[in-house]
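Trainee: Predicted model and sequence follow; I will ask about them next.
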Amino acid sequence: MKKNILAMAVILNCSFAMAQTEFDALKMIQPDINGTARYMGMAGAFGALGGDASAIKDNPAGLGIYRSSEITTTLDLSLQSSKSVWNGTTANDNLDNLRFNNFSYVKATPTYRSLSGDQGLLSSNWSFSYNRLKSFNRNSTVKSGQSSSSISDYMAYFTQGITSSDLTYVPGYEPFNNINIPWISIIGYENGLIKQSATNDVNSWVSNINTMVIPTYTLHETGYIDEYSIGWAGNFSNRFYLGTTLNVQSVNYNARSIYSETYGGGNTYLDNNISTTGTGVNLNIGAIVRPIDMLRLGVSIHTPTIYSMTDNHYTNYNDNAITQTAPSANYQLNSPWKFNGSAAVIIGQKGLISVEYDYALNSNAKFYDEDGNAQSFRYENTGIKTMLKDMQTFKVGAEYRLTENFSLRAGYAYMNGATNNDEAHKAMIPTTSRTDTEYFQNNKTDYITAGFGYREANWYIDFAYMNKSLDETFYPYNLTSVNSASVKTTTNNLIVTLGLKF
């Protein structure tokens, strides 16, 4: 069951902050399957295969498989639809997007041993690549019929222990500048959504809405995580391949969420806008071994990505009549360690089957302040350990060569739910300026893929189709009295990759 909001007294001494949450961390560390058309056509099951520009980001040893230099670029058309069901009411939304997934240059450099047929280091290959690791683009609408639970109940609960004088503007005092007062409480008070209870406790608050409400939530997300990499891999005797990549990631995330409630004679309106930008650095190391000609085994390790992030947030309320902008928040996020194991069976010259297993220690992700102090985020980091599950991804892909030039492909991938839904809730701290109270519990993600490709000696073109289905549970705020909504986001990707060999 969902836990209650963190007690205010515990953290009233924290400095004013936007207060990043476990769900902010999850958004940045949750993986996706993106890349070339061949890679996506086989659901990304390329860890032991190599020889593909996108496979290098999973297992750098795959760079050692290349026998010739290559340039590739990939275009991806995304057709997305979202369906929600909340208290028996269904809502739909959609978003279409065209983007580049990949651009890579691979330089294959045979050594003198390769020319003479000796054993040892036969080639020393380099790569320079760009990969879109993740797209945040999404539209989602969640609507409900009449509900007895209102966000004003959440506001009242959140405001317990705060005096009305702390919430009241007077010349010389602006409550939005008081570092100990949450903005959600000020908004509730100024708009008459909460009132002091009839008890003798003047610091006790209750909802001022005594009727059924009709809530609506809309979300528009844009942005990406891009990765720029330099890689090296060696081919040792055509039996062992070792590689590494140094990666720089660029983060750009923007979201606008609007939560509204209508009721007899009134309307509650919260328009939240948040943007996150940042850069991160990590290192990947991998190996592939070929004990016999038809079998390849792969393993790789991804170090945590050390992100330096900046958040900006502003909120409109009371039908856009008033806008409040929070100070920028600078912080550091360390993503978890990731491990990859894979195997592939090569069936002569006709086809192959590949499987892959990825494991990410999500619960070990951690926030730090600008000085590298994790204590500043001790409550959020405890929440990460409690609310996030380690991520397991299973991939399987196959390719069959119909002719010397033409191949068919298919694949499937599954990611387990990333949140511990018995514990996962948005525990906003009382010093936060954030008023986006909603959160999505992550249940599971399925990928079904197919594709085909045509190859000549010096060029090739690949096509792929990927169906991604993301199941989530939505809560507008963290109260046990509010019902959840089910949200399913389906994304159909059409991908084309063009490659030149030389």
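Mentor: Great, that's in hand. The shown structure was predicted, so the numbers you read here are calculated from the model rather than taken from an experiment.

Trainee: what's the spacing between S486 and Y475?
Mentor: Taking CB to CB, to the nearest Å as the measure, S486 falls 11 Å from Y475. (Glycine included, C-beta is placed from N, CA and C.)

Trainee: if you count what's nearby, which of the two comes out ahead?
Mentor: Applying other CB atoms under 10 Å to S486 and Y475 shows that Y475 carries more neighbours, namely 19 against 15.

Trainee: Does the more buried one touch S484 like I think?
Mentor: Yes - between Y475 and S484 there is a contact under CB atoms under 8 Å: 5.4 Å.

Trainee: what do the two both touch?
Mentor: Listed contacts common to Y475 and S484 are Q441; contacts here mean CB atoms under 8 Å, 6 or more residues apart in numbering.

Trainee: Where do the strands of the stretch 201-350 of the chain begin and end?
Mentor: Along the stretch 201-350 of the chain, counting by DSSP state E, counting those that start in this stretch, strands occupy 205-207, 214-236, 240-263, 266-292, 295-302, 306-317, 322-325, 329-334, 338-347.

Trainee: D32 is nearest to which of the ones you listed?
Mentor: Closest to D32 of the strands of the stretch 201-350 of the chain is strand 214-236 (CB to CB; 8.7 Å).

Trainee: Distance of N442 relative to W86?
Mentor: 18 Å.

Trainee: quick check: longest helix of this structure.
Mentor: helix 378-387 (DSSP state H).

Trainee: contacting residues for Y105?
Mentor: The contact partners of Y105, by CB under 8 Å, 6+ apart, come to 69-71, 127-129.

Trainee: Run through who's touching the least confident helix or strand in the chain by mean pLDDT.
Mentor: Using mean pLDDT, DSSP states H and E, helix 112-116 stands out as the lowest-scoring helix or strand of the chain, at a mean of 77. If you take CB under 8 Å, 6+ apart as the criterion, helix 112-116 is touched by 119-123.

Trainee: same thing but 6 Å
Mentor: 120, 122-123 (CB atoms under 6 Å, 6 or more residues apart in numbering).

Trainee: what separates it from the chain centre, distance-wise?
Mentor: 45 Å (CA atoms, centre = their mean, to the nearest Å).

Trainee: so the very next helix or strand once past that helix versus strand 240-263, what angle?
Mentor: As assigned by DSSP states H and E, the chain's next helix or strand after helix 112-116 is strand 121-135. Angle of strand 121-135 versus strand 240-263, following axes from the mean of the first three to the mean of the last three CA atoms, to 10 degrees, is 0 degrees.

Trainee: which neighbours does the very next helix or strand once past strand 121-135 have in its sheet, and in what orientation?
Mentor: Note on strand 121-135: by DSSP H and E, the next helix or strand toward the C-terminus is strand 138-143. The strands beside strand 138-143 in its sheet (DSSP bridges) come out as strand 214-236 (antiparallel).

Trainee: Convert the C-alpha atoms of the strand it pairs with to PDB, please.
Mentor: C-alpha atoms of strand 214-236 as PDB (Å, rounded to 0.1, in the frame of the first residue of the first chain):
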ATOM      1  CA  ILE A 214     -14.200  15.800 -12.100                       C
ATOM      2  CA  PRO A 215     -10.400  15.700 -12.500                       C
ATOM      3  CA  THR A 216      -8.500  15.800 -15.800                       C
ATOM      4  CA  TYR A 217      -4.700  15.400 -16.300                       C
ATOM      5  CA  THR A 218      -2.700  16.100 -19.500                       C
ATOM      6  CA  LEU A 219       1.000  15.600 -20.000                       C
ATOM      7  CA  HIS A 220       3.200  16.700 -22.900                       C
ATOM      8  CA  GLU A 221       6.900  15.600 -22.700                       C
ATOM      9  CA  THR A 222       9.700  16.300 -25.100                       C
ATOM     10  CA  GLY A 223      13.400  15.700 -25.100                       C
ATOM     11  CA  TYR A 224      16.100  13.100 -25.400                       C
ATOM     12  CA  ILE A 225      19.200  11.400 -24.000                       C
ATOM     13  CA  ASP A 226      21.900  11.500 -26.700                       C
ATOM     14  CA  GLU A 227      25.300   9.700 -26.400                       C
ATOM     15  CA  TYR A 228      28.500  10.600 -28.200                       C
ATOM     16  CA  SER A 229      31.200   7.800 -28.000                       C
ATOM     17  CA  ILE A 230      34.700   7.100 -28.900                       C
ATOM     18  CA  GLY A 231      35.500   3.300 -29.000                       C
ATOM     19  CA  TRP A 232      38.300   0.900 -29.500                       C
ATOM     20  CA  ALA A 233      38.200  -2.900 -29.900                       C
ATOM     21  CA  GLY A 234      40.700  -5.500 -30.800                       C
ATOM     22  CA  ASN A 235      40.300  -8.800 -32.600                       C
ATOM     23  CA  PHE A 236      42.600 -11.500 -31.200                       C
END
